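J.: heads up, no residue letters with this:
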Ligand code: FES
Ligand code: FES
């Protein structure tokens with residue numbers, strides 16, 4: 001059984017036929033070829049597949065593609081604008097907040113969702129926001145420092 005759904009991903013409108021059992025992760029990677037979103041555990045444990053759907057971070061491996069009908073989705077590919085990386089991406093590079101990079105797209109999407117709602121999060125709020133994103137390489141300290149550097153910038157601006 002398949003169904004036609006419409007959704008907007010990174011400001012592009014798509015109309016696609018999806019099987020009832022497809023996940024949003026499969027739709028993004030296998031049909032829309034947006035492979036920046038990573039496939040890890042496929043059971044909601046690692047956060048590698050995190051995208052923003054209707055303003056909230058979701059594990060795309062736990063969302064059925066049909067549930068994304070009429071949704072607005074942002075993936076890691078949607079952050080760069082006109083060849084310019086997003087400030088969160090720049091901060092991760094500047095602070096060496098990744099090693100193998102497998103967790104990084106999901107981690108950055110969780111941070112983006114946090115900062116969209118709360119531009120000046122506390123260290124505690126940053127830690128809570130990335131709780132669902134596992135990183136086997138960095139020990140998290142550099143990730144937290146990267147996000148805190150953005151808070152410092154935001155506070156200077158306000
Ligand atoms: S692949 Fe979705 S949470 Fe691990
Ligand atoms: S940088 Fe390797 S898992 Fe996070």
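T.: That came through fine. From a predicted model like this one, the values you see are computed outputs, not experimental measurements. Residues are numbered from 1 along each chain as shown. Ligands and ions are numbered 1, 2, ... in the order given.
J.: Would you mark the buried spots in stretch 122-142?
T.: Neighbour-count burial for stretch 122-142, counted by 16 or more other Cβ atoms under 10 Å, picks out 126, 129, 130, 132, 133, 134, 135, 138, 140, 142. Yep, even glycine has a C-beta here, placed from its N, CA and C like the rest.
J.: wait, what's in contact with the fourth one?
T.: Okay, so that is residue 132. For residue 132, the contacting residues are 47, 50, 59, 110, taking Cβ atoms under 8 Å, 6 or more residues apart in numbering as the criterion.
J.: Check those and tell me the two furthest apart.
T.: Across the contacts of residue 132, the longest distance by Cβ to Cβ is 10.1 Å; it joins 59 and 110.
J.: what residues are shared contacts of the two?
T.: 47, 50, 132.
J.: Excluding chain neighbours, what is closest to the residue nearest to the spatial centre of the chain?
T.: Centroid check for the chain by Cα atoms, centre = their mean gives residue 109 as the closest residue, at 2.6 Å. Spatial nearest neighbour of residue 109, excluding adjacent residues (Cβ to Cβ, 6 or more residues apart in numbering): residue 50 at 4.5 Å.
J.: That's all I had, so thanks and see you.
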